[in-house]
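> following is a predicted model, sequence given first.
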Amino acid sequence: MKKFAVIISGCGVFDGAEIHESVLTLLAIDRQGATYQVFAPDMEQYHVVNHFTGQVMHEKRNVLVEAARIARGEIMSLRDLDVTAFDSLILPGGFGAAKNLCSWAYEGDECKVNPEVEKAIRAMLATRKPVGAMCIAPVILAKIVSGTNLTTGQDRNSRAFIEKTGSVYSPTTHGEVIVDEANKIFSTPCYMLDATISQVADGADNLVREMLKRM
């Protein structure tokens with residue numbers, strides 16, 4: 001039975017992991033006969049957003065503690081990820097991917113990737129294991145791996161960044177998955193498009209399916 005490592009970035013679209021994308025990814029993995037373990041970095045998140053008002057709140061929260069809400073407590077610190085125990089890695093989206101897993105949301109072209117995230121991705125790719133990214137998370141892969149083929153749907157800002165890093169940008173619509181066979185990297189747009197929850201579910205299903213084909 002194939003096993004996925006899933007890295008999430010908190011809890012909530014504006015300051016952490018996109019909850020629908022995260023849960024639907026776990027559902028897709030389970031329904032397609034694989035298993036998963038959820039991970040998150042044990043760190044303070046960039047900021048906290050009130051998801052009712054959209055305003056930044058003057059408090060601090062921990063990415064791992066918040067991500068544990070989605071994982072129902074069944075979560076591990078990213079520093080404890082042993083890539084030899086897994087067949088693939090998936091990064092759901094949400095602004096936390098661009099604020100906590102990397103700094104693209106506020107540093108743009110000069111962004112940095114969290115060292116634990118980068119280590120996990122590089123280790124997976126070095127052993128030819130598939131890595132998938134959803135929504136805005138492909139900017140993380142663009143920063144780490146030059147010359148790959150990625151999508152965030154039809155978003156101009158992330159497209160400009162991805163192309164500056166030396167990668168190819170492929171525009172996509174709902175449920176589409178871009179497969180970079182050479183690098184074993186997979187991406188799908190999800191909520192980077194004006195999507196319904198069922199369209200996001202299609203993207204998660206298709207992403208997992210394409211990755212499983214290549215394990």
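Sure thing, it's come through. Numbers count the residues shown, from 1 in each chain.

> how much space is there between residue 196 and residue 175?
11 Å (CB to CB, to the nearest Å). Every C-beta, even on glycine, is put in place using the N, C-alpha and C of the backbone.

> quick one, which of those two is more surrounded?
Using other CB atoms under 10 Å, the more surrounded residue of residue 196 and residue 175 is residue 175, with 20 against 12.

> what's around the residue nearest to the more buried one when sequence neighbours are not counted, how many residues?
Counting by CB to CB, 6 or more residues apart in numbering, residue 202 is the residue found nearest to residue 175 once chain neighbours are left out, at 3.6 Å. Using other CB under 10 Å, residue 202 has 20 neighbouring residues.

> ditto for residue 62
Residue 62 has 15 nearby residues by other CB under 10 Å.

> surely it meets residue 42?
Yes - counting by CB atoms under 8 Å, residue 62 sits close enough to residue 42 to count as a contact (6.9 Å).

> residues contacting the most centrally placed residue in the chain?
The chain has residue 91 as the residue nearest its centroid, 2.3 Å off, counting by CA atoms, centre = their mean. Residue 91 makes contact with 6-7, 97, 101, 117, 131-134, 137, 140 under the criterion CB atoms under 8 Å, 6 or more residues apart in numbering.

> now do the residue located most distally from the centre of the chain against residue 17, distance only.
Relative to the centre of the chain, and counting by CA atoms, centre = their mean, the farthest-placed residue is residue 58 at 26.2 Å. As judged by CB to CB, residue 58 and residue 17 stand 22 Å apart.

> can you check residue 33 too?
Between residue 33 and residue 17 the distance, using CB to CB, works out to 24 Å.

> so which of these two has more stuff around it?
For residue 33 versus residue 17, neighbours defined as other CB under 10 Å are more numerous around residue 17 (36 against 9).

> give me phi/psi at that one?
Torsion angles at residue 17 (phi, psi; degrees, to the nearest 10) stand at phi -80, psi 140.

> leaving out chain neighbours, which residue sits closest to it?
In space, residue 17 is closest to residue 8, 3.9 Å off (CB to CB, 6+ apart).

> give me the neighbour count for the one you found.
The number of residues near residue 8, taken as other CB under 10 Å, comes to 36.

> show me what contacts it?
16-17, 22, 38-40, 67, 70-71, 92, 94, 96.

> residue 154 now?
Taking CB under 8 Å, 6+ apart, we find residue 154 in contact with 171-173, 189, 192-193.

> at 10 Å instead, please
169, 171-173, 189, 192-193 (CB atoms under 10 Å, 6 or more residues apart in numbering).

> and it, how far is that from residue 104?
18 Å.

> next: residue 24.
23 Å.

> also residue 13?
Between residue 13 and residue 104 the computed distance is 16 Å (CB to CB).

> these two: who's more crowded?
residue 104 (25 against 19).

> got a list of what the more buried one touches?
95, 97-98, 110-113, 136-137, 139-140, 142-143, 157-158, 161.

> redo that, cut-off 7 Å
98, 111, 139, 161 (CB atoms under 7 Å, 6 or more residues apart in numbering).
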